[in-house]
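Student: Got a predicted model here, sequence first, then my questions.
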Number of protein chains: 2
Amino acid sequence: MNPYADVSPAEVRKLIREKTITTQTSGMCAGYAQANLVILPKELAFDFLLFTQRNPRPCPVLEVTDVGSRYFRIMADGADVCTDLPRYRVYEKGVLTGEYTDIEALWRDDLVSFLIGCSFSFESEMLEVGIPVRQIEENKNVPMYDTNIPCAPAGVFHGNMVVSMRPIPYDQVVKAVQVTNAMPRVHGAPVHIGDPAQIGIRDISKPDYGEAVTIRPGEVPVFWPCGVTPQNVIMNTKPDFVITHAPGHMFITDVKNIDLKYA
Amino acid sequence: MNPYADVSPAEVRKLIREKTITTQTSGMCAGYAQANLVILPKELAFDFLLFTQRNPRPCPVLEVTDVGSRYFRIMADGADVCTDLPRYRVYEKGVLTGEYTDIEALWRDDLVSFLIGCSFSFESEMLEVGIPVRQIEENKNVPMYDTNIPCAPAGVFHGNMVVSMRPIPYDQVVKAVQVTNAMPRVHGAPVHIGDPAQIGIRDISKPDYGEAVTIRPGEVPVFWPCGVTPQNVIMNTKPDFVITHAPGHMFITDVKNIDLKYA
């Protein structure tokens, strides 16, 4: 169990801000939603916001800051995007140019921050109702795959959907659909059930991102839209300047996973 | 019954395009979703898209066109925003400066069109399951009210939520919540049930927009977020140039109301 599992989001963000915590956030603040971060210059923000509007399943936006504002309001009122995540990555023209534990020195008045929902939130609900989450059992990163499912393009952004896969026992597949369908703000229902080839996945044992997990007899591979989609779509355009969270070093919100069921 | 109730959306849009139909669209193409239209210059489109992202209940966006594009793709592939609605209104600096049956002559390369979901869609589902819709019974426009519920501001856009009210028998209130909750793309669940004063409405018999309807003994006023909200919020800023549909002269989509339940 993570030593910060029972600590409040506000307290953990304070420890992150003070650089006492600089690790991955998985397992911290049990029950609270964690979110992906993307920061773009305003110039690209309209196209990206439009991309998320057209592709809400892979890109469920939880909050967008005002142009130039460092502070969140909805998901964690007053939290500072420059200091309240443990690790950031900066990409210039599509190339990783640095990792930072804060981005105060890099902040600009034309930046817009996007918080995007994360499958951690629906996995927490799946576990709650007794549906297995294999990569957690096997202590791995979830397997993710490129697909042949096109996203709706928007401005400069275009690309295919990336999906995550969880093997589900036949008798729990419907329940897995129901549970995740109730949480559209964190990817929602699966995008495919059963045959990887139907969505352009050739070898289920070789994920494009993350790690392969065991599919047991009597289990079906079930595929959900994945938050790697917007990251890929952004990086494909090689924008001049983007900041993201470093993988696994998420933004911890004040909103409970279960509250993401509601508008 | 409307003479175009059983005609297809594509056929009705063709008759509109040819100016054979220039009337209100209520009752046409039974079962198909109709949508509100707002056209803004790109300069304002980011703030407005952000406003809708932050306020999805009153501002459920069904489609946003590419900048400068006259054509829809998602809700009615290939439909022309300049010709396929029966009547348009142009506002300059907040003042109505003209009504048109097409806007080809006014089109500009910097315009972005927003289709916003309409409560007609959830009313169709309510009727289907036997919940009364009073203003339809009384052949009136739905009563709408200004409230004290603030929308989340975004850029230049800010204001309170406008709600529509339907009186629901006590024993069907829960069902009305369930039916509309299943349709978040057309306003979703109610925002308030029961006491108008709680949301800043002083006199239920005097709506701010539309017409009063009868509330019978044993009925509860139920309030839903209303699509007049984005219109008000835009007009409040007195933008240089906006085009909307004329009231009641909606865009008829190729998507069935029932399909708005799904992503």
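Tutor: Nice, thanks for sending it over. Residues are numbered from 1 along each chain as shown, chains lettered A, B, ... in the order given.

Student: which residue does the stretch 101-250 of chain A bring closest to chain B?
Tutor: Closest approach between the stretch 101-250 of chain A and chain B, counting by Cβ to the nearest Cβ: residue A:188, at 6.0 Å. Where C-beta positions appear, they are placed from N, C-alpha and C, glycine not excepted.

Student: Pretty sure that residue sits against residue A:180.
Tutor: Yes - Residue A:188 is within contact range of residue A:180, at 6.1 Å (criterion: Cβ atoms under 8 Å).

Student: who's in contact with the closest residue to chain B within chain A?
Tutor: Chain B sits closest to residue A:46 of chain A, with a gap of 4.2 Å, by Cβ to the nearest Cβ. Residues near residue A:46 by Cβ atoms under 8 Å, 6 or more residues apart in numbering or on different chains: A:155, B:42, B:45-46, B:49.

Student: which among these end up buried?
Tutor: Buried members of these, counted by 16 or more other Cβ atoms under 10 Å in any protein chain shown: B:45-46, B:49.

Student: Nearest to residue A:139 among those?
Tutor: Closest to residue A:139 out of the buried ones among the contacts of residue A:46 is residue B:49 (40.5 Å), distances taken as Cβ to Cβ.

Student: so that closest one sits in a strand?
Tutor: No - read with DSSP: H, G, I helix; E, B strand; the rest coil, residue B:49 is helix and lies in no strand.

Student: What separation do you get for it and chain A?
Tutor: Per Cβ to the nearest Cβ, to the nearest Å, residue B:49 is found 5 Å from chain A.

Student: what's near enough to touch the nearest residue to that residue once chain neighbours are set aside?
Tutor: Nearest non-adjacent residue to residue B:49, counting by Cβ to Cβ, 6 or more residues apart in numbering or on different chains: residue A:49, 5.3 Å away. Counting by Cβ under 8 Å, 6+ apart, residue A:49 makes contact with A:61, A:64, A:114, B:46, B:49-50, B:53.

Student: Reformat those residues into TSV and put distance to residue A:214 and pLDDT next to each item.
Tutor: Shown next, in TSV, are these (distance: Cβ to Cβ, whole Å; pLDDT from 0 to 100):
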residue	distance to residue A:214	pLDDT
A:61	33	96
A:64	38	97
A:114	34	97
B:46	46	94
B:49	43	96
B:50	43	96
B:53	39	95
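
Student: Helix or strand: which one has the closest residue to residue A:208 other than its chain neighbours?
Tutor: Among residues not flanking residue A:208 along the chain, residue A:146 sits closest, at 4.8 Å (Cβ to Cβ, 6+ apart). If you go by DSSP states H and E, residue A:146 is part of strand A:144-150.

Student: quick one: is stretch A:162-170 near chain B?
Tutor: No - judged by Cβ under 8 Å from any Cβ of the partner chain, stretch A:162-170 stays clear of chain B, getting no closer than 14.5 Å.

Student: need the helices for chain A, in chain order.
Tutor: Ranges of helices in chain A, per DSSP state H, are A:9-17, A:42-54, A:120-128, A:134-137, A:173-181, A:228-236.

Student: Report pLDDT for the spatially most central residue of chain A.
Tutor: With distances taken as Cα atoms, centre = their mean, residue A:118 lies nearest the centre of chain A, 3.5 Å away. Per-residue pLDDT puts residue A:118 at 90.

Student: Before I go, just wanted to say thanks for your time.
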